[in-house]
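> no sequence for this one, just the structure:
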């Protein structure tokens, strides 16, 4: 691991940069999955008493706006070469965190749909700028050889903390959690971005070091073949987010399936889920660094197919594994696996120049678009009266289909090859 | 030599997936009770079989089970009607006067209280001798017994290693070498299988229909772990042989090493918590080594090293 080499060489500034990146991304991702995704649903349903359709529309709007802003900003970063200017990125990150701190404090005070829409617009702006900026710092702060491990650390920290710290999914709880840490982030980033200091001076030059700059897949393939492979990766990540979101939205709507585990009143089950998440993240970090992407994607889709199949069996047989921790643990393994891939892959495809754009395309097109579409589809199915069993069966079929395509792909005449395949 | 045709295998898997997807929605129905207190109300009959693993289940007068009742443990208070059989392995069934069984009453173990007052339309079979010896498995053994069991198992593994290394020495060498060269990767993959595998096996068992498939899965899993331990044993035996300066054939090195690895793991298990975790990690590494080399058919090279070479 390159980090150990940095420690042996006494390059403590680089080591601090490594830790800084992990901390920043972990806090940002925790904010996203708790406050933004879960807290917003609670705000709309409980505090504002919005209908399901209105709330789904608002979330879809946020996903769409964020995607557009992120992709647009990603292109701007390439055009203006901000991808290679670490200080500019630090300043943009500072502005993003400053805006998000204000929005976090304001959220519980929102009183109507109009205020919510304004809040969504500003949040989309913050997220849309924040993702390409922060993801692009990977090439400045994390050596290419260690991206899997850094992604594992981020994933493990977030998913270990989230179940343990979030016994109820209410916006007031999330606001209280975030409002004490975000100002510290603002101060820290402000100092790094605007005042001369040794840390920023060292970090801003690291992207010129080949050990940091070039992702392991950045030199793989050329021209159309490379664009096809990147598009294939985006499509696969879209599939993962879509399957996960579509299934999970329905599972968390079934109290029987979450009150003994994710929302357990006891800390024990939530801690166990957090521990499984962390362990799976560590495993994923090792496997990402050493196995080919196809194997990892096969594991993710295979586990998703299995877990949704098991949930559908429970709808017929009666609750057993689902009200215990077995299925949530399996779910946690799959989520940790793909989250590690998501944090590492975009920088590994990129150079310092285009990392912001690739991250925006990847996270926006795969993550947010998938969330937007799956939310709309889930709502449509519920309105049409589709049963829980049918819903999860369809999710299962989709996961299984992608699994089979991945398995069979290399043997087809056209060949479906992923980055790193022979 | 059997030639391994990947395309045929994949087509077979695809066919299996398609066939299984075509199962009618009501191919299997039933309920499994793992724990807790449950009451089956008369107006809500169980549509298929009822399997009770543990807990307290009350079937009052008027309640119905459309299939069979299988008791693996727990306490049942039966005053209702079973359309199928009642089979008990462990646990207790208290019969009430209005209890009625449409099929057979099979008492392999456990306790049947006042069963004579129940109406049984089929045959009554007692003491058929398939009591699950769970108490034996869970009993505290003496140190001598544990040592003896450990030695026996290790000898069996050594024998298997000796035989296996006669036929496929390169496969075991590759697997063991992968574990030694890439212990973290091997253990990570092995732990991932340990996380996912048991849940899959348990759920297959609960379907009852897939119990044979689960048994095959458990057997293959244990075989793979065993192969991993043999691979590790071969590496250990080879190292010891080199250090001590003994000239031994590969099967003998492997057998000796496998014995030592296996016995060592069992001794490690005696250390509370940490020992068990270490033993789990080492066995996971063996499993991972076998999987990374695809059962010893190829040499494992990390993805990044392959990309650098190209």
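Arrived safely. These numbers were taken from a predicted model, which means no experiment stands behind them.

> just the terminal-to-terminal distance for stretch B:57-76.
Separation of the first and last residues of stretch B:57-76 by Cα to Cα, to the nearest Å is 5 Å.

> buried residues in it, which are they?
Of the residues in stretch B:57-76, those scored as buried under the neighbour-count criterion (16 or more other Cβ atoms under 10 Å in any protein chain shown) are B:57-59, B:63-76. Yep, even glycine has a C-beta here, placed from its N, CA and C like the rest.

> quick one: the host helix or strand of residue A:55 to chain centroid distance?
Counting by DSSP states H and E, the secondary-structure element that holds residue A:55 is helix A:52-80. Taking the mean of its C-alpha atoms, helix A:52-80 sits 15 Å from the chain's own mean (Cα atoms, centre = their mean, to the nearest Å).

> elements contacting it?
In terms of contacts (3 or more Cβ pairs under 8 Å, 6 or more residues apart in numbering or on different chains; DSSP states H and E), helix A:52-80 is packed against helix A:40-42, helix A:113-136, helix A:355-360, helix A:369-383.

> sec struct for residue A:200, please.
Judged by DSSP: H, G, I helix; E, B strand; the rest coil, the three-state class of residue A:200 is helix.

> give me the number of residues near residue B:166?
For residue B:166, the neighbour count with other Cβ atoms under 10 Å in any protein chain shown is 12.

> quick one: residues contacting the nearest residue to it once chain neighbours are set aside.
Using Cβ to Cβ, 6 or more residues apart in numbering or on different chains and skipping residues adjacent in sequence, the residue nearest residue B:166 is residue B:251, 5.5 Å away. The neighbours of residue B:251, taking Cβ atoms under 8 Å, 6 or more residues apart in numbering or on different chains as the test, are B:161, B:162, B:163, B:165, B:166, B:169.

> so where's the chain shaky on pLDDT?
Assuming you mean chain A. Low-confidence regions of chain A, defined by pLDDT under 70, span residues A:164-168, A:219-223, A:225, A:254-266, A:314-324, A:410-422.

> chain B is the one I meant
Using pLDDT under 70 as the threshold, the predicted model of chain B has low-confidence ranges B:1-30, B:126-141, B:207-208, B:306-310.

> any idea how far the residue positioned nearest the centre of chain B is from chain A?
By Cα atoms, centre = their mean, chain B has its centre lying nearest to residue B:218, at 4.1 Å. In this view, residue B:218 and chain A are 17 Å apart by Cβ to the nearest Cβ, to the nearest Å.

> and residue B:41, which of the three is it?
At residue B:41 the chain is in coil, as set by three-state DSSP.

> if you count contacts, what does the helix or strand where residue A:18 lies end up packed against?
When secondary structure is defined by DSSP H and E, residue A:18 falls within helix A:12-30. With contacts defined as 3+ Cβ pairs under 8 Å, 6+ apart, the secondary structure elements packing on helix A:12-30 are helix A:2-8, helix A:113-136, helix A:138-141, helix A:147-165, helix A:182-194, helix A:198-203.

> give me the angle between it and helix A:147-165.
The directions of helix A:12-30 and helix A:147-165 differ by 50 degrees, with axes from the mean of the first three to the mean of the last three Cα atoms, to 10 degrees as the criterion.

> next, the angle helix A:182-194 makes with helix A:12-30.
In terms of direction (the same axes, to 10 degrees), helix A:12-30 departs from helix A:182-194 by 140 degrees.

> tell me which residues in helix A:12-30 are buried?
For helix A:12-30, the buried set under the neighbour-count rule, 16+ other Cβ under 10 Å, comprises A:13-14, A:16-18, A:20-30.

> same question for stretch B:185-205.
B:185-196, B:199-201, B:203-205.

> which residues does stretch B:282-298 contact?
Stretch B:282-298 is contacted by residues B:4, B:168, B:170-176, B:178-179, B:182-183, B:185-191, B:193-194, B:224-225, B:227-229, B:231-232, B:261, B:265, B:268, B:299-300 when judged by Cβ under 8 Å, 6+ apart.

> now the buried members of those.
Judged by 16+ other Cβ under 10 Å, buried ones among the contacts of stretch B:282-298: B:168, B:171-176, B:178-179, B:182, B:185-191, B:193-194, B:224-225, B:227-229, B:231-232, B:261, B:265, B:268, B:300.

> please list which of those also come close to chain A.
Taking Cβ under 8 Å from any Cβ of the partner chain, the overlap between the buried ones among the contacts of stretch B:282-298 and the neighbourhood of chain A is B:182, B:185, B:188, B:189, B:191.

> which non-adjacent residue is nearest the closest residue to chain B within the stretch 101-250 of chain A?
In the stretch 101-250 of chain A, no residue comes nearer to chain B than residue A:216, which is 5.7 Å away by Cβ to the nearest Cβ. Closest residue to residue A:216 in three dimensions, ignoring its sequence neighbours and counting by Cβ to Cβ, 6+ apart: residue A:348, at 5.1 Å.

> pretty sure the one you found sits against residue A:214.
No: the pair formed by residue A:348 and residue A:214 falls short of the contact definition of Cβ atoms under 8 Å, at 9.1 Å.

> got any residues that touch both of these two?
Between them, residue A:348 and residue A:214 share these contacting residues under Cβ under 8 Å, 6+ apart: residue A:144.
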